[in-house]
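In: Following is a predicted model, sequence given first.
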Amino acid sequence: MHLLYPQICFGCGTDQVENAMPLCPKCILDLPFTDFFSIDENPVEKIFWGRVPVQSAGALLFFTKDSLVQTLMTQLKYHHNKRVGILFGKLMGEAIAAEKKFEQIDLLVPIPILYSKMNNRGYNQSQVIAMGIQQVWNRPIVDDVLIKRSWSNSQTKKDRKARLQQVPDLFFLQNPACIKDKHLLLVDDVLTTGATLEAAIETLMAGSPASVSIAVAAYTL
Ligand SMILES: [Zn+2]
């Protein structure tokens, strides 16, 4: 089986990879880790200061152009390579499990994508990352509360005042009772401006969670 379907490391090309891993052990160690989960007032937390209430936040890796991290993200998002998401999630779960400040988290909430994208890709990449987290740090995943709004229904349902706003309502809330008084960990793939996560948190706040924290796989410098 190995000769027919060789598993090759995306970092260095060696076939010395552990089963179902997209990278060899050495390339995993060489990833550009931020260590943000263990750092209070880290750059990811600061992005949300003055915008929405965030309990704790962190990113696993630095994302730069033409890097191995970008290659892995492309694999996860466009080449049906779920193994990348599971690896990211496991590494995030290990980092999070080591921090007392995340102990209280009750539920993992992956940032949703549109059903149309879901059909094309076959999965939501943030959900796959959450599944990786769950493999090493067991918390339930909730994927029926935060729902991505399609462009068409966001246009028809908006009133004039909302239309004038810069940021459209990206999400809506369903089954809000599931998150009431719960400590949530929002899970996303790449963080750039934070606008998507900000919109998600604004929507989630309507369900009165106890707190919202953030875990992203990669943070754009
Ligand atoms: Zn390698």
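Out: Nice, I can see it.

In: mind listing the helices for this structure?
Out: Taking DSSP state H to define them, one finds helices in the chain at 25-29, 43-47, 68-78, 82-97, 115-121, 125-136, 151-157, 160-164, 195-205.

In: will you turn those into a markdown table that also has mean neighbour count, distance to S213 and mean pLDDT?
Out: Bear in mind the C-beta positions are built from the backbone N, C-alpha and C, glycine included. Below are the helices of the chain laid out as a markdown table (neighbours: other C-beta atoms under 10 Å; distance: least, C-beta to C-beta, whole Å; pLDDT from 0 to 100):
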| stretch | mean neighbour count | distance to S213 | mean pLDDT |
| --- | --- | --- | --- |
| helix 25-29 | 14 | 25 | 96 |
| helix 43-47 | 18 | 10 | 97 |
| helix 68-78 | 18 | 22 | 95 |
| helix 82-97 | 22 | 9 | 97 |
| helix 115-121 | 12 | 25 | 83 |
| helix 125-136 | 23 | 12 | 97 |
| helix 151-157 | 11 | 27 | 55 |
| helix 160-164 | 9 | 28 | 54 |
| helix 195-205 | 19 | 10 | 96 |
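
In: just so I know, which of the ones you listed lies nearest V216?
Out: The closest of the helices of the chain to V216 is helix 43-47. By C-beta to C-beta, the value is 6.9 Å.

In: which helices and strands does the closest one pack with?
Out: Counting by 3 or more C-beta pairs under 8 Å, 6 or more residues apart in numbering; DSSP states H and E, the packing neighbours recorded for helix 43-47 are strand 57-63, strand 211-220.

In: Much appreciated, bye for now.
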